[in-house]
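My questions are about this predicted structure, shown below with the sequence.
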Amino acid sequence: MTPPRLNAGHGTGHGPGEVTAGQIERVCESLGLSATTDQQAALLSYLELLGRWNQTHNLTAIRRPAEMLTQHLADCLAAVAALGRHACGATARRILDVGSGGGLPGLLLAMFRPASTVVCIDAVAKKAAFIRQAAGQLRLENAEARHGRVEALPGPPFDLITARALATLAQFVQMTRHLLAEGGCWMAMKGQAPGEEILQLPPEVEAFHVERLSVPGLDAQRCLVWMRLRRDT
């Protein structure tokens, strides 16, 4: 049977090209991320849905599916793979993705963490609507979409709070501090290691690990900043 493909030129006017299930499989393998056939198919379906919505709703400035594969999927899958390397990530049962946009990394976390509840929140209504549609179409029953500002989001608290290139580290922890569970942590996705931002963290918050990531096909710096409340506070 011919493996599924996503036509990179479909509806975009960018000419021929495609993303295949094989490419997604290789990305997962290079990250050490075990992905079932169903998960690979879900990733491909997600890319297709994102591309389709992007034609009318402008969810992302990246238009070509091949670039979405590298700059969105691979980038976020690198963070998904990192969760198991840290105790607070490996055991997180409730996860919050702040400023989720097109559901990144939240929907991917839901795919690979089926036993966890993943809440994706965004202040832009069309982005929250896309996340809700994608979660339904991909049958991610553990994913929830919320529209609004995270500062107004009520509990219960979350074991892991993540965000991708959202504000400064200090702003990120300040706007979500009320939602962090006891013993929980923050995982901020960044480009270059944000040394100055780490210095600006409030005194009760520590960046206990800065993890450099290697993203397949991406010639750019990426890192995760892991943070938690200091244990003496």
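Arrived safely, thanks for sending. Residues are numbered from 1 along each chain as shown.

Tell me the buried residues in the lengthiest helix in the chain?
What stands out as the longest helix in the chain, according to DSSP state H, is helix 37-57. By 16 or more other CB atoms under 10 Å, the buried positions in helix 37-57 come out as 39-44, 46-51, 53-54. All C-beta spots, glycine's among them, are computed from the backbone N, C-alpha and C.

What are the boundaries of the strands in the protein?
Using DSSP state E, the strands of the chain run over residues 5-7, 18-20, 94-98, 117-122, 143-147, 158-164, 180-190, 205-213, 222-229.

now for the third one, which elements pack on it?
Where contact means 3 or more CB pairs under 8 Å, 6 or more residues apart in numbering; DSSP states H and E, strand 94-98 is packed against helix 106-112, strand 117-122, strand 158-164, helix 169-176.

Give the residue spans of this structure that score low on pLDDT.
In the predicted model of the chain, residues 1-17, 61, 63, 233 satisfy pLDDT under 70.

now do 90
Low-confidence regions of the chain, defined by pLDDT under 90, span residues 1-19, 21, 51-72, 84, 155, 165-166, 217-220, 231-233.

which residue ends up closest to the midpoint of it in space?
In the chain, the C-alpha nearest the mean C-alpha coordinate belongs to residue 105, at 0.9 Å (CA atoms, centre = their mean).

what's the spacing between that one and residue 24?
In this view, residue 105 and residue 24 are 15 Å apart by CB to CB, to the nearest Å.

What of residue 74?
For residue 74, the distance to residue 24 equals 9 Å [CB to CB].

I'd say residue 83 and residue 90 touch.
Yes: with contact defined as CB atoms under 8 Å, residue 83 reaches residue 90; the gap is 6.2 Å.
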